[in-house]
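In: sequence unknown, structure follows:
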């Protein structure tokens, strides 16, 4: 297995963090291609090359909004998939994305964005811990989605 080291903003040397195997510290050791396949599996609701490998309703459930209706003015989530059908200002999804788009984020800045309207999946691998002074993560991750949307449009 080949793992990519995280780059730290401070003076620490890049390192692979395998301190904890419980999933609390880190739990995503995949390549960009594998991450894209995860998004593709969700985009196609468990159907790969014409074969239903997992139940369709499982994917409809996990990517539909599970946030309680009385929390309308908060980020909306499926099961770990962020959505923004309520156009929540602090959402992690770009403002220009179609409403049914969804994405999942990782601790070191990775993202898997699914845009059903375009039948598109986009992956960003960042592998960085910490940010420089003045860096706006929310704006950066929204800009990623907006860029992908502009390329699909």
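Out: Received, thanks. Just so it is clear, the structure is predicted and the values come from calculations on it, not from any experiment. Numbering: from 1, shown residues only.
In: thought residue 101 was touching residue 120?
Out: No. Using CB atoms under 8 Å, residue 101 is not in contact with residue 120; the gap is 9.1 Å. Just so you know, the C-beta spots here come from the backbone N, C-alpha and C atoms, and that holds for glycine as well.
In: residues that sit against both of these two, list them.
Out: residue 114 (CB atoms under 8 Å, 6 or more residues apart in numbering).
In: compare those two (neighbour count), which wins?
Out: Taking neighbours as other CB atoms under 10 Å, residue 101 and residue 120 compare with residue 101 leading, 24 against 17.
In: which residues of the protein fall in helices?
Out: Along the chain, counting by DSSP state H, helices occupy 32-43, 56-62, 137-152.
In: can I get those in JSON lines with mean neighbour count, distance to residue 112 and mean pLDDT?
Out: Output for the helices of the chain, formatted as JSON lines (neighbours: other CB atoms under 10 Å; distance: least, CB to CB, whole Å; pLDDT from 0 to 100):
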{"stretch": "helix 32-43", "mean neighbour count": "16", "distance to residue 112": "4", "mean pLDDT": "93"}
{"stretch": "helix 56-62", "mean neighbour count": "13", "distance to residue 112": "13", "mean pLDDT": "91"}
{"stretch": "helix 137-152", "mean neighbour count": "16", "distance to residue 112": "11", "mean pLDDT": "93"}
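In: center of the chain, which residue is that?
Out: residue 104 (2.2 Å; CA atoms, centre = their mean).
In: which residues touch that one?
Out: Counting by CB under 8 Å, 6+ apart, residue 104 has contacts 38, 39, 80, 81, 82, 111, 112.
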